[in-house]
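S.K.: return a 3D structure for these sequence lines:
(chains A and B)
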Amino acid sequence: MTGAKHDIRLGTTIYSLTNEYHSRRYSFEELVQKVADLGIGPGLEVVGFQSFREFPNISDATAARFRELVAKTGLVPTCLGINADVYRDRRREMTADESVAYHRVQLEAAAKLGFPVARYQWLAGPEVIRRLAPDAERLGVKLGLEIHAPQHVQHPDVLAYREMYAKVGSPYLGFIPDFGASASAIPEAYFRYFRWRGIGDAAIELAVNMWNEEGDMFARRKRFQETGAERGWDPVWVAELSIVFGLFSRQPPRGWLEIMPQVVHVHGKFYGVGADGRDAAIPYDEILPVFVEGGYRGYISSEWEGHQVSDEDGFEHIVKHHALERRILARTA
Amino acid sequence: MMVDKLIEADSLKATPAGFSIGVRLPWYRTVPLSTVELVSLKVDERSIPANSIRFAINGGEWRLQQLPDLIDQQWFVIDTAELRVVDDRLDRGSEHEVEVVLAVYPPYIKGLRRLLRWSRRMKVN
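M.R.: As a prediction, the model looks like this:
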């Protein structure tokens, strides 16, 4: 990118390759190697609870093996996905003390594996993250809140973090935009899946209509589920359709500018690049120039989530996604 | 996708007490067993009573109503769990339609109960 006006680098999250891994066609190490071979790094993002059996603990042997893999492939560890499992016991929410301890172990795992950023989730709560800021500084690992649909930069849950960040003022606290929060439509792959599952048109139509309404997405999801129950729809249908409310929201792309100086990593969520070189659900032509304009310096992990509803080859999707990103970045620079 | 992988292919086996089948975690990451619920198991449309099913993984075996307590038992994402059933009606070599309904409560998503149902025709090994 010599001479370019931006410093945006590409990468892949291994999460995109969930099906390749879940089906046991590839081991974790083989996935990482193939990411390197296909040139869809150099950024390498990993979900701790997906790729490491002992997670949230990481043994010395596991850390050494991972670091060797990184050295061998030449990839660059960018972000470790950690989880706010506050409903590990689904009968009660973790206390703040338990959650601090649970997150601290994962943050230590990130440091041990060599990741500069840990992606965390909003259920952690601003108070728990505030208490972890000194650990993040001690370990040299930034804590990035993933801003994921149905939330967005102006969502009350996100605003609570923005206020806390302003008070604490630590460079180790930041944000990770997920482009599913600035989607323009529900991806076509989901409709193909719903029809293949035998879900009725009326149920699909109601879900889409409610998705297109304004107002809090969690409230709309609840209303959809109540309506489905009233109409006596199969609970499996209602559960399947409910996922659209949690995956895609419609924040205008320029909204990301509000938090741009605090962005520590990016999830380039996508569902499929069509023959026209675009993702029909995520407006990359609008989103990426916003990150260039905002001066974002760092990695975008290609995050193909179509694996939820198809068995298509994740690697092929990412190769196309990198081409899409390069085309737009070259034009914007 | 996960739904059609819920029941492991060719996993129906005769055991001294009855039969067992292999089930896969329909999620992208490891979760504690406390967040997994076996909603129902049917063989040829016959419901198997919950008290004759044991959930086996990590070298252990539990009754279904114990699952919510198993906060420290992980279901690693690529491991197969076994449903062990006390039953005297399946003959080796016979074919049956097995249906599993399973729910996962992802511990980091408030209020989500991911509910999946799948069935598969298998021969008893």
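S.K.: around chain A, pick out the residues from chain B.
M.R.: B:1-3, B:5, B:24, B:28-32, B:34-35, B:68, B:71, B:76-78, B:101, B:105, B:107-110, B:112-117 (C-beta under 8 Å from any C-beta of the partner chain). C-beta: built from backbone N, CA, C; applies to glycine.
S.K.: again, only this time at 7 Å
M.R.: Among all residues of chain B, those adjacent to chain A (criterion: C-beta under 7 Å from any C-beta of the partner chain) are B:1, B:28-30, B:32, B:34-35, B:68, B:71, B:76-78, B:105, B:107-108, B:110, B:113-115, B:117.
S.K.: out of these, which sit inside strands?
M.R.: B:P32, B:R114, B:L115, B:R117 (DSSP state E).
S.K.: relative to A:T12, which of those is nearest.
M.R.: Within these, proximity to A:T12 (C-beta to C-beta) peaks at B:R114, which comes in at 25.1 Å.
S.K.: hey, what's that closest one bridged with?
M.R.: Residues in a beta bridge with B:R114, per DSSP bridges, are B:V104.
S.K.: give the contact list for it.
M.R.: Applying C-beta atoms under 7 Å, 6 or more residues apart in numbering or on different chains, we find B:R114 in contact with A:A239, B:A103, B:V104, B:P106.
S.K.: farthest pair in those residues?
M.R.: Maximum pairwise distance in the contacts of B:R114, criterion C-beta to C-beta, is 12.4 Å, between A:A239 and B:P106.
S.K.: what ranges do the strands span in the stretch 151-300 of chain A?
M.R.: Secondary structure of the stretch 151-300 of chain A (DSSP state E, counting those that start in this stretch): strands at A:173-177, A:266-270, A:297-304.
S.K.: what are the pairing partners of the last one, and which direction each?
M.R.: Sheet pairing for strand A:297-304, assigned by DSSP bridges, gives strand A:7-13 (parallel), strand A:266-270 (parallel).
S.K.: chain center to the shortest one, what's the gap?
M.R.: Its chain's C-alpha centre lies 6 Å from the corresponding centre of strand A:266-270 when counted by C-alpha atoms, centre = their mean, to the nearest Å.
S.K.: what's the answer for the first one, then?
M.R.: In terms of C-alpha atoms, centre = their mean, the gap separating the centre of strand A:7-13 from the centre of its chain is 13 Å.
S.K.: check the secondary structure at the closest residue in space to A:E20 that isn't next to it in sequence for me.
M.R.: Using C-beta to C-beta, 6 or more residues apart in numbering or on different chains and skipping the chain neighbours, the partner closest in space to A:E20 is A:Y26 (4.6 Å). Here A:Y26 is recorded as coil under DSSP: H, G, I helix; E, B strand; the rest coil.
S.K.: separation between A:A149 and A:V309?
M.R.: For A:A149, the distance to A:V309 (C-beta to C-beta, to the nearest Å) stands at 16 Å.
S.K.: with B:R117 instead?
M.R.: Using C-beta to C-beta, we find B:R117 at a distance of 16 Å from A:V309.
S.K.: in what helix or strand does the nearest residue to A:L288 once chain neighbours are set aside lie?
M.R.: Spatial nearest neighbour of A:L288, excluding adjacent residues (C-beta to C-beta, 6+ apart): A:I328 at 4.6 Å. If you go by DSSP states H and E, A:I328 is part of helix A:314-332.
S.K.: contacts for that helix, please.
M.R.: Helix A:314-332 has contacts (C-beta under 7 Å, 6+ apart) with A:6, A:8, A:10, A:12, A:16-17, A:19-20, A:34, A:38, A:40, A:268, A:270, A:272-273, A:277, A:284-285, A:288-289, A:292, A:300, A:302, A:304, A:306-307.
S.K.: local confidence estimate at the closest residue to A:G74 other than its chain neighbours?
M.R.: Of all residues not flanking A:G74 in the chain, A:A36 sits nearest, at 6.3 Å (C-beta to C-beta, 6+ apart). pLDDT recorded at A:A36 is 98.
S.K.: and A:M1, by the same measure?
M.R.: Reading off the model, A:M1 has pLDDT 45.
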